[in-house]
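Visitor: sharing a model that was predicted from the sequence below.
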Amino acid sequence: MILKAEGVSRRYFRRTGCANYFDAVLPVSLQIVPGEMTVLTGRSGSGKTTLLNMLSGLLMPAGGKVWVDETDLYALDDKALSRLRSERIGIVPQGRSAVDTLTVLENILLPAVLYGRALPREEAARWMERLGIAHLQDARPAELSGGELRRMAIVRALAQDPEILFADEPTGDLDDENTRLVLSAFRDYAHNKKKAVFMVTHENDALLYADTVYRMDGGRILSSAGRTE
């Protein structure tokens, strides 16, 4: 699956300040391809999360288009867009996303349950083992640390085997060892399974694992480092 953005932008209107609008993302064009890990870096408030949300089908752009292969993402109605996201796109959100009444394993399998798909138990078990939370499969979210909750959310996305994985600051609350585990898992997922990974971060560690690096500031993509070594 190839995802292509053409001139996507997002403007928020407001009543205070010198202007009555704020440009969170100025027109951006880029392409995300299978088999590569793409990292978008920049300071907090630079527009990274807004761009990720537009690319992943969560936030309609004010201008421009997002294409998934030949499909104009935002030309779809809500039902079709939701179906496409559930079948082809995985998202690791920045905030907490656990259902407190479910176990860790039940949380990981929940997307498949909601959309009536076969439960990816083997994939879930493999990723839980790799990210060091296999022993927590029967625990409840209230029993987990912030880092363990983060890794649970990452496993939930990976276990669905999406064609493109979006991750918003996925290592922000992880220690060095678990950061390396997650970044290595993302890189291997892209390279070995020929899937696309798009990660937003302000941490430099991720750059060592990326195939392509973009830098964002003030709503603009300022540079692309191309393929890293």
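Guide: Everything's here; your move. Numbers count the residues shown, from 1 in each chain.
Visitor: all helices for the chain, in order.
Guide: Per DSSP state H, the chain carries helices over the ranges 48-55, 78-88, 104-114, 121-130, 146-159, 176-193.
Visitor: below-threshold pLDDT in this protein: ranges please.
Guide: 15-19, 224-229 (pLDDT under 70).
Visitor: hmm, try it at 90
Guide: For the chain, the stretches with pLDDT under 90 are 1, 12-23, 44-45, 95-97, 115-116, 172-173, 202-203, 222-229.
Visitor: centroid-nearest residue for it?
Guide: Phe166 (1.9 Å; C-alpha atoms, centre = their mean).
Visitor: any idea how far that residue lies from Glu87?
Guide: 15 Å (C-beta to C-beta, to the nearest Å). From N, CA and C alone the C-beta is placed, and that goes for glycine too.
Visitor: same thing with Ile108?
Guide: 18 Å.
Visitor: neighbour-wise, which of those two wins?
Guide: Comparing Ile108 with Glu87 by other C-beta atoms under 10 Å, the one with more neighbours is Ile108, at 29 against 12.
Visitor: shouldn't the more buried one be in contact with Arg151?
Guide: No - with contact defined as C-beta atoms under 8 Å, Ile108 does not count as touching Arg151 (10.4 Å).
Visitor: what's opposite Ala196 in the beta bridge?
Guide: Ala196 forms beta bridges with Ile164, as assigned by DSSP bridges.
Visitor: which ones are touching it?
Guide: If you count contacts by C-beta atoms under 8 Å, 6 or more residues apart in numbering, Ala196 has them with 1, 3, 32-36, 38, 163-165, 190.
Visitor: how does it look with 7 Å?
Guide: 1, 3, 32-34, 36, 163-164, 190 (C-beta atoms under 7 Å, 6 or more residues apart in numbering).
Visitor: do the same with Ala190
Guide: 35-37, 196-197.
Visitor: only the buried subset of the contacts of Ala196, as a ChimeraX command please.
Guide: In ChimeraX syntax, the buried subset of these is picked out as below (16 or more other C-beta atoms under 10 Å):
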select :3,32,33,36,163,164,190
